[in-house]
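Peer 1: What follows is a predicted protein model with its sequence.
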Amino acid sequence: MSTLAKNGNRVLFIENTGVRAPRFRDMPRIKSRIKNWFRGINGIREQAQNLYIFSPLVLPFPYLRLAKWINRHLTLSVLEKWTKVMHFTDPVVWTFLPTPLSLDIIDSLSARIIIYYCIDSFQASSEAAKKIKKSEEILLRKADLVFVTSRELYDYCSRYNNKTYIFPFAVNFQEFEKARANKDYIPQGLKDIKKPVIGYIGGVHKWIDFALVKKAAQYYPQYSFVFVGPAQTDVSSLSGIKNIYFLGQKDHREIPYFINNFDVCIIPYLLTEYTNNVYPAKLNEYHALGKPVLSTNLPEIANFNRENHNLVSVAKNPSEFIEQISLALKNNSDTLINQRISSAKKNSWSNKIEEMAKLAENAIEEKSKVAFDWQKSLSRLYRVARRKTLKLALVILSAYLLVFYTPLIWFLANPLKIVQEPQKADCIVVFAGGVGESGQPGQGYEERVQYAADLYKQGYAKNLIFSSGSTYVFAETLIMKALALSLGVPESAIILEDKASNTYENVKFSRDILHKNHWDKILLVSSMYNMRRASLVFNKIAGGIKVRYAPIPKSRFYSHQETTSGIKIIHKQISLRQIKGIFHEYLGILYYLSKGWI
């Protein structure tokens with residue numbers, strides 16, 4: 001896409017919206033996406049001349065019907081405004097993702113042609129991504145052109161679309177030529193690593209055969225095995241092996257210089273259903289610098305060797321892999337180096353994109369020649385519009401019933417709750433805070449003060465801290481104190497913290513008071529659904545304080561009835577204000593993540 005932009009095409013690149021629900025290990029990527037969204041206007045930023053990047057914020061449930069509907073409207077509302085402002089009309093749609101959201105975006109655009117570049121077998125990548133099969137089949141039938149990176153993907157995609165063409169990953173040859181000409185430059189991280197270097201570039205993921213790498217490293221303790229790329233899986237099986245180095249993710253512009261300092265380049269992949277479809281992008285990058293390459297017996301490497309005079313050394317088992325490393329170090333003639341560079345030049349992005357562009361131009365020309373019957377097209381358009389309107393009405397009604405007449409939102413809110421039995425502590429800390437989750441001033445603190453007073457009178461602690469920097473007519477802490485006094489708490493037991501304007505500051509300023517009084521065990525009283533956010537902040541900035549989370553047992557604001565006389569009935573289970581309160585907490589957690597507060 002960067003190359004297309006440099007060639008004078010305006011490109012809007014939409015970042016990956018996900019093929020599966022995220023896991024805990026995806027939190028850094030989610031945090032990065034949030035930061036990218038804030039870098040632009042509603043997620044869109046100008047990266048370079050003619051190149052714009054859209055980082056949409058979407059609900060992370062790509063196959064849940066309600067989430068799909070919400071994500072479609074969140075994404076399209078931004079896209080429609082941007083395309084109108086930029087006069088971005090009649091586009092060529094080029095997608096790498098066959099998700100339901102991708103289909104929704106495609107359906108909303110009046111595209112000249114649709115190109116699907118299938119670069120992976122997504123349904124084989126993980127159990128959670130198998131649901132993508134249905135939307136991918138729809139996209140394959142809808143596309144005007146399909147490009148694939150491997151023969152296995154060609155066999156699969158051509159069953160649905162006869163305009164399928166193989167375009168393996170290419171290389172930005174000019175950038176690698178610059179590195180090849182600068183032989184003396186050694187990037188940071190490699191300077192202190194002894195030669196020879198057996199190197200790998202790319203994501204350190206679960207498809208790497210770590211047992212194979214371990215055997216090779218132990219067999220050749222005099223060689224250095226270097227991995228350059230982000231860690232995407234557990235590599236603890238290789239810990240303690242002194243000649244294996246993980247250098248982490250590096251700037252893309254530095255990659256050619258790392259490869260230039262490798263003596264042998266490796267592709268040590270496991271043989272699985274997923275890797276059967278993989279053409280390793282790093283192959284042409286290795287060859288662009290004339291480096292010998294050693295790979296496991298991947299189908300795409302075998303195909304490459306048939307067309308390129310067996311340029312890649314292939315190992316069918318661990319013994320062969322170990323043997324081939326030393327052979328690759330010895331057999332590295334100028335003739336072989338030039339052959340590798342020539343194969344990479346043939347697979348440069350400039351050549352590949354020129355071929356792709358010709359196919360796209362032909363597809364546009366063919367499409368424009370199709371006879372156009374305006375009456376049939378207009379009738380079809382009205383039929384489609386009516387179906388869409390009816391479908392939209394049914395979706396809205398279903399969504400309304402699902403949200404308000406089922407316990408769905410309460411189920412989604414459960415991760416926010418932390419409820420622990422009260423235990424004796426040094427102090428009871430009560431968080432209030434203006435409008436809080438209810439959206440109305442003066443609501444919430446009464447219940448919290450009453451519950452804290454009950455805990456005090458039951459002997460759980462001898463001190464109370466009321467934390468709130470809110471002022472409506474009177475300072476909220478003064479009202480909390482007056483209420484506590486009326487409930488029988490002595491004034492000497494009460495400390496006021498009146499500066500906090502949010503949960504982060506509630507924790508921060510209360511922590512200072514606790515440290516000053518040498519208290520390290522507290523009972524925290526707040527809303528039941530505020531507890532998760534509070535606990536994340538305590539863990540971040542007040543780890544030495546032992547907290548028992550004791551939310552008010554029953555909140556009038558969050559009250560809801562599920563049964564009447566023991567019989568289930570259909571009734572409204574949640575109000576809009578309660579939904580706002582719950583989403584207030586989730587949005588608060590996302591905001592705190594972006595600020596680095598948790």
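Peer 2: Received it, and whenever you're ready, just let me know what you need.
Peer 1: Please make it C-alpha for all contacts and neighbour counts, starting now.
Peer 2: Fine.
Peer 1: biggest helix in the protein by residues?
Peer 2: Using DSSP state H, we find that the single longest helix of the chain is helix 374-404.
Peer 1: Just the buried residues of it, please?
Peer 2: Ala399, Val403, Phe404 (16 or more other C-alpha atoms under 10 Å).
Peer 1: and which of the residues you listed is nearest Leu270?
Peer 2: Nearest to Leu270 among the buried residues of helix 374-404: Ala399, at 43.7 Å, using C-alpha to C-alpha.
Peer 1: How about the secondary structure of the closest residue to the closest one other than its chain neighbours?
Peer 2: In space, and not counting its chain neighbours, Ala399 is closest to Leu66: 6.4 Å by C-alpha to C-alpha, 6 or more residues apart in numbering. Classification of Leu66 using DSSP: H, G, I helix; E, B strand; the rest coil returns helix.
Peer 1: residues near Leu66, how many?
Peer 2: Here the number of neighbours of Leu66 (other C-alpha atoms under 10 Å) works out to 19.
Peer 1: Could you do Thr75 as well?
Peer 2: 21.
Peer 1: Which helix or strand contains it?
Peer 2: Using DSSP states H and E, Thr75 falls within helix 65-85.
Peer 1: Could you check how far the next helix-or-strand element following that helix is from the centre of its chain?
Peer 2: Following helix 65-85 in sequence order, the next helix or strand is strand 92-95 (DSSP H and E). Between the centre of strand 92-95 and the centre of its host chain there is 22 Å, according to C-alpha atoms, centre = their mean, to the nearest Å.
Peer 1: The residue nearest to Phe176 when sequence neighbours are not counted: what's it in contact with?
Peer 2: Of all residues not flanking Phe176 in the chain, Pro256 sits nearest, at 5.5 Å (C-alpha to C-alpha, 6+ apart). Going by C-alpha atoms under 8 Å, 6 or more residues apart in numbering, Pro256 touches Glu175, Phe176, Ala179, Glu285, Leu289.
Peer 1: how close does the third one get to Ile255?
Peer 2: With distances defined as C-alpha to C-alpha, to the nearest Å, the gap from Ala179 to Ile255 amounts to 9 Å.
Peer 1: My reading is that Glu273 lies in a strand. Confirm?
Peer 2: No. In this structure, Glu273 is coil, not part of a strand, as judged by three-state DSSP.
Peer 1: Run through the stretch 151-300 of the chain and note the low-pLDDT ranges.
Peer 2: The stretch 151-300 of the chain contains no residues with pLDDT under 70.
Peer 1: In it, what residue spans correspond to strands?
Peer 2: 164-166, 197-201, 224-228, 244-248, 264-267, 293-296 (DSSP state E, counting those that start in this stretch).
Peer 1: so the second one versus strand 244-248, what angle?
Peer 2: In this case it means strand 197-201. 40 degrees (axes from the mean of the first three to the mean of the last three C-alpha atoms, to 10 degrees).
Peer 1: Given strand 197-201, what are its sheet partners and their directions?
Peer 2: Strand 197-201 has the following strand partners under DSSP bridges: strand 224-228 (parallel), strand 264-267 (parallel).
Peer 1: who touches stretch 76-95?
Peer 2: Contacts of stretch 76-95 (C-alpha under 8 Å, 6+ apart): 42, 102, 105-106, 108-117.
Peer 1: Kindly reformat the strands of the stretch 151-300 of the chain as CSV containing distance to Ser535 and mean neighbour count.
Peer 2: Converted to CSV, the strands of the stretch 151-300 of the chain look like this (distance: least, C-alpha to C-alpha, whole Å; neighbours: other C-alpha atoms under 10 Å):
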stretch, distance to Ser535, mean neighbour count
strand 164-166, 52, 20
strand 197-201, 39, 24
strand 224-228, 36, 23
strand 244-248, 31, 17
strand 264-267, 44, 24
strand 293-296, 47, 24
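Peer 1: got TSV for these, with distance to Asp426 too?
Peer 2: Converted to TSV, the strands of the stretch 151-300 of the chain look like this (distance: least, C-alpha to C-alpha, whole Å):
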stretch	distance to Asp426
strand 164-166	69
strand 197-201	54
strand 224-228	51
strand 244-248	45
strand 264-267	59
strand 293-296	62
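Peer 1: Lowest-scoring secondary structure element of the protein by mean pLDDT?
Peer 2: With mean pLDDT, DSSP states H and E as the measure, the helix or strand of the chain carrying the lowest mean pLDDT is helix 122-125 (a mean of 70).
Peer 1: pretty sure Arg548 is touching Ile522, no?
Peer 2: Yes. Counting by C-alpha atoms under 8 Å, Arg548 touches Ile522, with 6.3 Å between them.
Peer 1: These two: which is more packed in?
Peer 2: Ile522 (26 against 21).
Peer 1: Give me the pLDDT for that one.
Peer 2: Model confidence at Ile522, expressed as pLDDT, equals 96.
Peer 1: How about Lys369?
Peer 2: Confidence score, pLDDT, at Lys369: 71.
Peer 1: And for it, the neighbour number?
Peer 2: As a measure of burial, Lys369 has 8 neighbours, counting by other C-alpha under 10 Å.
Peer 1: do the same with Met531
Peer 2: 23.
Peer 1: what's it in contact with, if anything?
Peer 2: Leu416, Lys417, Ile418, Tyr549, Pro551.
Peer 1: what's the helix or strand for it?
Peer 2: helix 531-541.
Peer 1: in that helix, what's buried?
Peer 2: Met531, Arg532, Arg533, Ala534, Ser535, Leu536, Val537, Phe538.
Peer 1: Send me it as PDB with only the CA atoms.
Peer 2: The C-alpha trace of helix 531-541 is given here as PDB (Å, rounded to 0.1, in the frame of the first residue of the first chain):
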ATOM      1  CA  MET A 531     -14.200  -2.100  42.200                       C
ATOM      2  CA  ARG A 532     -12.300  -3.500  39.200                       C
ATOM      3  CA  ARG A 533     -11.000  -0.100  38.100                       C
ATOM      4  CA  ALA A 534     -10.100   0.800  41.700                       C
ATOM      5  CA  SER A 535      -8.200  -2.500  42.100                       C
ATOM      6  CA  LEU A 536      -6.200  -1.900  38.900                       C
ATOM      7  CA  VAL A 537      -5.100   1.500  40.200                       C
ATOM      8  CA  PHE A 538      -4.300   0.200  43.700                       C
ATOM      9  CA  ASN A 539      -2.100  -2.500  42.100                       C
ATOM     10  CA  LYS A 540      -0.300   0.100  40.000                       C
ATOM     11  CA  ILE A 541       0.400   2.800  42.500                       C
END
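Peer 1: out of the contacts of Met531, which is most surrounded?
Peer 2: Pro551 (26 neighbours).
Peer 1: Give me the residues contacting stretch 239-251.
Peer 2: 189, 214, 217-218, 221-231, 238.
Peer 1: mind running it again at 10 Å?
Peer 2: 188-190, 193-194, 197-204, 213-214, 217-218, 220-231, 235, 238, 255, 258 (C-alpha atoms under 10 Å, 6 or more residues apart in numbering).
Peer 1: I'd like the next helix or strand past the helix or strand where Val430 lies.
Peer 2: Using DSSP H and E, Val430 falls within strand 427-431. Per DSSP H and E, the first helix or strand lying C-terminal to strand 427-431 is helix 445-457.
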